[in-house]
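> Curious how this folds, go ahead:
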Amino acid sequence: MQSNDKMAEIYPWITENETMGLNEIAGYVNQVTAGMFFPLILLAMFVITFVSTMHYGNGKAFVFSTFFCSILAIFLVIAGLLNFGWMYLLFVLLGIGLMLLRLDKSSPLPQI
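Purely as a prediction, here's the structure:
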């Protein structure tokens, strides 16, 4: 029985209260990974959307990817699964991408 106690010190065991719903399971996974699970999921979603939209140009692909990840980050913050800092980082990257896209003369944005 001593091996289980030693294992519990290394890896936190999941309890039945942490498997009651999807939010609890996601919170447990985020806790076990020291809060890095959902930022890495957002990074993977960023890479997937960026590569998928690169044929529109790198600037537009970057803006779309950061916008898409920002929307996902808002939902994750509301659910309590993501720190506000990651959402703010995505907003700053979106703003930088929009400014660079606006300054790029080769791909003009529509005028309002």
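
> Pick out the residue nearest the middle of the chain.
Geometric centre of the chain, nearest residue: L42, 2.4 Å, by Cα atoms, centre = their mean.

> Can you list the low-confidence ranges for the chain?
For the chain, the stretches with pLDDT under 70 are 1-19, 105-112.

> can you do 90?
1-36, 56-59, 79-83, 100-112 (pLDDT under 90).

> picking up where we left off before, how much space between the residue nearest to the centre of the chain and V77?
11 Å (Cβ to Cβ, to the nearest Å). Bear in mind the C-beta positions are built from the backbone N, C-alpha and C, glycine included.

> One more: T66?
Counting by Cβ to Cβ, the gap from T66 to V77 is 16 Å.

> So these two - more neighbours on which side?
T66 (24 against 17; other Cβ atoms under 10 Å).

> Could you pull up the residues touching that one?
F46, L90, L93, L94, G97 (Cβ atoms under 8 Å, 6 or more residues apart in numbering).

> Just name the closest of those to N58, please.
G97 (9.9 Å; Cβ to Cβ).

> Would you tell me what helix or strand that closest one is located in?
Using DSSP states H and E, G97 maps to helix 84-103.

> Pull the distance from that helix to the chain's centre.
14 Å (Cα atoms, centre = their mean, to the nearest Å).

> ok, F38 - contacts?
Contacts of F38 (Cβ under 8 Å, 6+ apart): A26, N30, L76, L81, L82, W86.
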